[in-house]
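Visitor: for reference, the sequence and a predicted model appear below.
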Amino acid sequence: MDKGPKQKYRLLRHPICLKILGNDESSSTVCRQIKFSSLSPSRKILVELMHELNFGQIENLHVRCGEPCFSPTPIVAKDIVFGKSNGAHAEWDGEDFALKKQVVELFDWFEMTGNSLVYLLIIQNGLPVKMKLQIPFRV
C-alpha cells in the first residue's frame, strides 16, 4: 500500500525552520511553534526570568544536557533603560503562549552544545538577543 511521495526535509539557516520539498520541488517553510506549557521546568524558569528582567544580562549560566541549570546560581544584572518600562515585559501575563523565535533559537543552541557555559546572555524587551558561549578547543 503506497502512502504517497515522502517529504524531504532540509534545514534552513535558522535552526527552528524546516524547508519541506515536494516531488515537484515546490517548497514551503514551516517554523516550529513551541508553547510555554510544553517546556521543561528549568526552561520555564529561564523564560520567566527573561520576561521579568526585561532589559539586562544573565552571566555564568550553566547548560547541562541541553537544559539551563541554576546551580550554581547565575549572576543576573538588570539594566535600567530611561524612557522605557523597566518592569516585567508587558506581554507576560502568566498564561500559556507560543515562544518567540529568539527563545526557540536559544534553546536550539543549548541542545546543540549539550554541556556548556553561557558567559553572557543579553536580554532586551524580555527576549535573548546575544549570547557569549564557552566552546571546547582542542589542539
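Guide: Alright, I've got the coordinates. Residues are numbered from 1 along each chain as shown.

Visitor: CA only for contacts and neighbour counts going forward, please
Guide: Will do.

Visitor: how about low-confidence regions in this protein?
Guide: The chain contains residues with pLDDT under 70 at 1-32, 90-94.

Visitor: who does whichever strand or helix holds residue 59 touch, helix- and strand-wise?
Guide: In the assignment (DSSP states H and E), residue 59 maps to strand 56-64. Secondary-structure packing of strand 56-64 (3 or more CA pairs under 8 Å, 6 or more residues apart in numbering; DSSP states H and E): strand 67-69, strand 75-78, strand 116-124.

Visitor: can you list those strands in TSV and add mean neighbour count?
Guide: What follows is the helices and strands packed on strand 56-64, written out as TSV (neighbours: other CA atoms under 10 Å):
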stretch	mean neighbour count
strand 67-69	20
strand 75-78	14
strand 116-124	20
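
Visitor: got JSON lines for those, with distance to residue 42 too?
Guide: Shown next, in JSON lines, are the helices and strands packed on strand 56-64 (distance: least, CA to CA, whole Å):
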{"stretch": "strand 67-69", "distance to residue 42": "6"}
{"stretch": "strand 75-78", "distance to residue 42": "16"}
{"stretch": "strand 116-124", "distance to residue 42": "15"}
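
Visitor: and of those, who's closest to residue 43?
Guide: Using CA to CA as the measure, strand 67-69 is the one of those that comes nearest residue 43, at 6.4 Å.

Visitor: given the strand holding residue 59, what are its sheet partners and their directions?
Guide: Here strand 56-64 is paired, per DSSP bridges, with strand 67-69 (antiparallel), strand 75-78 (antiparallel), strand 116-124 (antiparallel).

Visitor: among these, which is nearest residue 110?
Guide: strand 67-69 (6.6 Å).

Visitor: residues in contact with that closest one?
Guide: With contacts defined as CA atoms under 8 Å, 6 or more residues apart in numbering, strand 67-69 is touched by 42-43, 46, 61-63, 107, 110-111, 114.

Visitor: kindly reformat these as CSV containing distance to residue 124 and neighbour count.
Guide: CSV is the format used below for the contacts of strand 67-69 (distance: CA to CA, whole Å; neighbours: other CA atoms under 10 Å):
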residue, distance to residue 124, neighbour count
42, 20, 13
43, 18, 18
46, 14, 18
61, 17, 23
62, 20, 22
63, 21, 18
107, 17, 17
110, 19, 22
111, 22, 15
114, 25, 14
